[in-house]
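Colleague: pasting the sequence and the predicted coordinates here, then a few questions.
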Amino acid sequence: MANSISPHATHLQPQGWWRYFGFSIDHKVIGIQYLVTGFFFYLVGGVLAGMIRTELATPISDYLSREAYNEILTMHGTVMIFLWIVPVVNGAFGNYLVPFYVGARDMAFPRLNAVAFWMIPPAGILLIGSYFIGGAAQSGWTAYPPLSLTTPATGQVVWILSVLLLGGSSILGGINFIATILKLRRPGLKLMQLPMYCWAMLGTSILVVLSTPVLAGTLILLAFDIVAHTGFFNPVQGGNAVVYQHLFWFYSHPAVYIMVLPAFGLVSEILPVHARKPLFGYTTMVYSILAIVFLGLIVWAHHMFTSGTPPWMRLFFTIATSFIAVPTGIKFFNWLATLWGGKIALNSAMLFSCAFILNFVLGGITGVALAQVPFDIHVHDTYFVVAHFHYIVYGGTVFVIFASVYHWYPKFTGRLLNEPLGTLHFVLTFIGFNLCFGPQHWLGINGMPRRVSEYDPQFTLMNQVSSAGALLMAISTLPFLFNVIYSAFRGELAGDNPWRALTPEWLTSSPPPVENWHGPAPHVEHPYGYGMVDPA
Amino acid sequence: MTSLIPPSTAEHEAGAVLEEGHGDFRLFGLALFLVADGMTFAGLFAAYLTFRAVNPLPEGGIYELELLLPTLNTVLLVSSSFTFHRAARQLRLGEGAGCRRWLLITAALGAAFLASQMREYFTLPFGLTSNLFASTFYVLTGFHGLHVFLGVMLILIVWWQARAGGSINSQQHFGLEAAELYWHFVDGIWVVLYGIIYLL
């Protein structure tokens, strides 16, 4: 009987380009599959975002009906979260890097890994396909009842099926990461010697395994309400819509950490290499991740301060949420201290990483502000929340994804990305992003509600600035797309270790062989030993 | 758990053995999956308990259920955990026939549970959409019943694989251990469910 234990199974894997289109069980191939699929959905979600910003360029409803506008914003949120950020920042880089970091030849369950990836394309097709079978879901990515019970049912049910598939994929991936990191480490490799991204993935995977199933259960109840006309969340039938919010946010607040913790890990890998300094405060970084995982599970109701939550609940969730600023602040200062006095190479990877630190601290500060009940009630469901969220998830995670592509592209392909094009990409993205989302803070504080296609004419100017920023962001994708395609064929040859990095993935050829190492896996005791260890 | 090292490593030097093969982590993976599955139930339980605490039933709605059948069901399911354990022990002792007999008994207990639950469903005075409690009752017990059904199927598959010359024997028994862990999990969930739905 074939089983997943034999390390020689991967010898049977095909070698050519077509392996990226098949059921490969090589973790590196699966990582790239996640990355490219995710990027495709990023473009889809980006087009949807462009449609939103085009509609919002004027105060009146121009070319989209209100229903169509709601469909587009729902689709934009769902695609970006479940098909771009979560799969890429976990699945793509996690699958590619974690086996290297633990000194293994593959993930603990290679076949399960391929299954988890291949659940994503059908889910994406299902979600986008719902446009053509009676209209997509209209109730936002949160699908709050009773709204999700009164909007057209077909699109909502397809949306639920798609999110269930993606959640299942995420859980299977999380199980695989936990088993790989805890059980598959090279003998003698201690937990506290692991590169930081492993810790981030361990923390993230714990959140995935504990919280995603709750979302699954909740969506099953919601599906019953829609299809079988039960009344779990329908007040008309004696149900309770607030219970949905509790259960939904029990997943969806940790989901923010599922999107951002891996980015913390990735940036902790990139900064030391390009600053030629050890990662500052390794131990505090590890405990900060664990603290964020724990706190992340007990702060969900800060999304619900306007849902009739009792005062004691508001008090508890305000305090718990504010506490998250402590471990996050530790990480922020550790990154600054890593850069401090370093021999910084300001290449594209570093530019995106530094911009991440800036954007993230802005998003973090507005996050602490939003945790305070009086302020939250004032700006609830306004553009302030939209701005905060995008500063975390775009300014934070997406910037790190771009930094990571510049950093690891030579590992994936053996060729460097073009640096001037990378700088152009960075400048356009950075200006476009801040132009797009910066003014939305002002719009929110002044009372512009989110998820509405029309607005008061006094908000016109700031909305047009925001839309101009969105246009810049769209344009910024072009040099990047050209760069990754052109450099794959014509890019400068990188050699095995162009950054003279010390983490294990660079201690093999670029691109690496099927089972990662040409000989036994190297024993890396000091993945950040710059100034201590002589880079190969 | 046995460490499975492929025979081909014999030609490598001794130091490479640890690095080439690795232990069998499938039960660990399954345990993580059951944690996730348990969280699905935990979410549903939390919803049910909140509904009961804050949402009064409409006029004429009842929480009381017949206790006889579900108590019998609890006895059936808890004993099936013991019979499954017995089957696993027989297999380790090399008693293939004894193992298969105990597996069949376990599957029969599981099937009896399902039959008795069906009977309960058909005799209850409320349907799926009657009121909030009725809906929660059917979804919770139904979701658990689905797990029991899947478990019975797994036991029958393991029973077939444990035949003389089959893929499960006293040396190789991951399939049986996995089904057993799953079965104990489903059993434990039922005990909680029985407590909060029937006794509370």
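Modeller: The structure has been received and is ready for your questions.
Colleague: which non-adjacent residue is nearest A:Leu428?
Modeller: A:Ser476 (3.4 Å; CB to CB, 6 or more residues apart in numbering or on different chains). Every C-beta, even on glycine, is put in place using the N, C-alpha and C of the backbone.
Colleague: and the one you found, how many neighbours?
Modeller: The number of residues packed around A:Ser476, counting by other CB atoms under 10 Å in any protein chain shown, is 20.
Colleague: for A:Ala301, same thing?
Modeller: Other residues lying near A:Ala301 total 22 when counted by other CB under 10 Å.
Colleague: same question for the one 10 residues further on.
Modeller: A:Pro311 has 8 neighbouring residues, counting by other CB under 10 Å.
Colleague: what does A:Pro187 give?
Modeller: For A:Pro187, the number of neighbouring residues by other CB under 10 Å comes to 10.
Colleague: any idea how far it is from A:Cys198?
Modeller: Between A:Pro187 and A:Cys198 the computed distance is 16 Å (CB to CB, to the nearest Å).
Colleague: looking at chain B, which helix or strand is least sure?
Modeller: Across the helices and strands of chain B, mean confidence by mean pLDDT, DSSP states H and E is lowest for helix B:17-20: a mean of 43.
Colleague: could you list the low-pLDDT ranges of the stretch 301-450 of chain A?
Modeller: Scanning the stretch 301-450 of chain A for pLDDT under 70 picks out nothing.
Colleague: chain A now?
Modeller: Applying pLDDT under 70 to chain A picks out residues A:1-15, A:533-536.
Colleague: which parts of chain B are helices?
Modeller: For chain B, the helices identified by DSSP state H occupy B:17-20, B:26-54, B:68-92, B:96-123, B:132-161, B:174-193, in order along the chain.
Colleague: including mean neighbour count, could those helices go into CSV?
Modeller: Supplementary listing: the helices of chain B in CSV, determined by neighbours: other CB atoms under 10 Å in any protein chain shown:
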stretch, mean neighbour count
helix B:17-20, 16
helix B:26-54, 19
helix B:68-92, 18
helix B:96-123, 18
helix B:132-161, 20
helix B:174-193, 20
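Colleague: which of these sits closest to A:Thr423?
Modeller: Comparing those against A:Thr423 with CB to CB, the closest turns out to be helix B:17-20 (41.9 Å).
Colleague: show the contacting residues for residue 177.
Modeller: No chain was given, so I picked chain A. Applying CB atoms under 8 Å, 6 or more residues apart in numbering or on different chains, we find A:Phe177 in contact with A:90, A:94, A:98, A:107, A:201-202, A:204-205.
Colleague: not quite, I wanted chain B
Modeller: Each residue near B:Glu177 by CB under 8 Å, 6+ apart is listed here: B:27, B:88.
Colleague: please apply the same query to A:Ala291.
Modeller: Each residue near A:Ala291 by CB under 8 Å, 6+ apart is listed here: A:326-327.
Colleague: what about 10 Å?
Modeller: Neighbour list for A:Ala291: A:203, A:284, A:323-324, A:326-328, A:330 [criterion: CB atoms under 10 Å, 6 or more residues apart in numbering or on different chains].
Colleague: state the distance from it to chain B.
Modeller: In this structure, A:Ala291 and chain B are 21 Å apart, going by CB to the nearest CB, to the nearest Å.
Colleague: okay, buried residues for whichever strand or helix holds that residue please.
Modeller: Secondary structure assignment for A:Ala291, by DSSP states H and E: helix A:282-296. Along helix A:282-296, the positions that meet the burial threshold by neighbour count (16 or more other CB atoms under 10 Å in any protein chain shown) are A:282, A:285-286, A:288-289, A:291-296.
Colleague: now distance to A:Met75 too, for these, in JSON lines please.
Modeller: Below are the buried residues of helix A:282-296 laid out as JSON lines (distance: CB to CB, whole Å):
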{"residue": "A:Tyr282", "distance to A:Met75": "41"}
{"residue": "A:Met285", "distance to A:Met75": "36"}
{"residue": "A:Val286", "distance to A:Met75": "38"}
{"residue": "A:Ser288", "distance to A:Met75": "35"}
{"residue": "A:Ile289", "distance to A:Met75": "32"}
{"residue": "A:Ala291", "distance to A:Met75": "35"}
{"residue": "A:Ile292", "distance to A:Met75": "30"}
{"residue": "A:Val293", "distance to A:Met75": "30"}
{"residue": "A:Phe294", "distance to A:Met75": "33"}
{"residue": "A:Leu295", "distance to A:Met75": "31"}
{"residue": "A:Gly296", "distance to A:Met75": "27"}
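Colleague: quick check: of those residues, which lies closest to A:Pro512?
Modeller: For A:Pro512, the nearest member of those is A:Tyr282. The distance, counting by CB to CB, is 25.4 Å.
Colleague: close enough to count as contact, that closest one and A:Met192?
Modeller: Yes. Assessed by CB atoms under 10 Å, A:Tyr282 is found in contact with A:Met192 at 7.6 Å.
Colleague: where do the contact lists of the two overlap?
Modeller: Counting by CB under 10 Å, 6+ apart, the residues touching both A:Tyr282 and A:Met192 are A:Trp199.
Colleague: re the thing from before, mind checking which of the contacts of A:Phe177 are in helices?
Modeller: Of the positions in the contacts of A:Phe177, A:94, A:98, A:201-202, A:204-205 sit in helices, assigned by DSSP H.
Colleague: so what pLDDT did B:His12 get?
Modeller: B:His12 carries a pLDDT value of 37.
Colleague: with the one 3 residues further on instead?
Modeller: B:Gly15 carries a pLDDT score of 36 in this model.
Colleague: relative to helix B:26-54, how tilted is the longest helix seen in chain A?
Modeller: Longest helix in chain A by number of residues, with DSSP H as the criterion: helix A:241-275. In this structure, helix A:241-275 runs at an angle of 140 degrees to helix B:26-54, with axes from the mean of the first three to the mean of the last three CA atoms, to 10 degrees as the basis.
Colleague: between helix A:241-275 and helix A:282-296, how many degrees?
Modeller: Helix A:241-275 and helix A:282-296 meet at an angle of 170 degrees, taking the same axes, to 10 degrees as the criterion.
Colleague: and helix A:241-275, what's buried?
Modeller: When neighbours are counted by 16+ other CB under 10 Å, the buried residues of helix A:241-275 are found to be A:241-275.
Colleague: those also near chain B: which ones?
Modeller: A:242-244, A:246-247, A:250-251 (CB under 10 Å from any CB of the partner chain).
Colleague: now A:Leu127, what are its backbone angles?
Modeller: According to degrees, to the nearest 10, the main-chain angles of A:Leu127 amount to phi -60, psi -50.
Colleague: what does the one 5 residues further on give?
Modeller: Main-chain dihedrals, A:Phe132, degrees, to the nearest 10: phi -100, psi 0.
Colleague: could you do A:Gly396 as well?
Modeller: Per-residue torsions, A:Gly396: phi -90, psi -80 (degrees, to the nearest 10).
Colleague: kindly report the same for A:Tyr530.
Modeller: Dihedral angles phi and psi of A:Tyr530 (degrees, to the nearest 10) take the values phi -70, psi 130.
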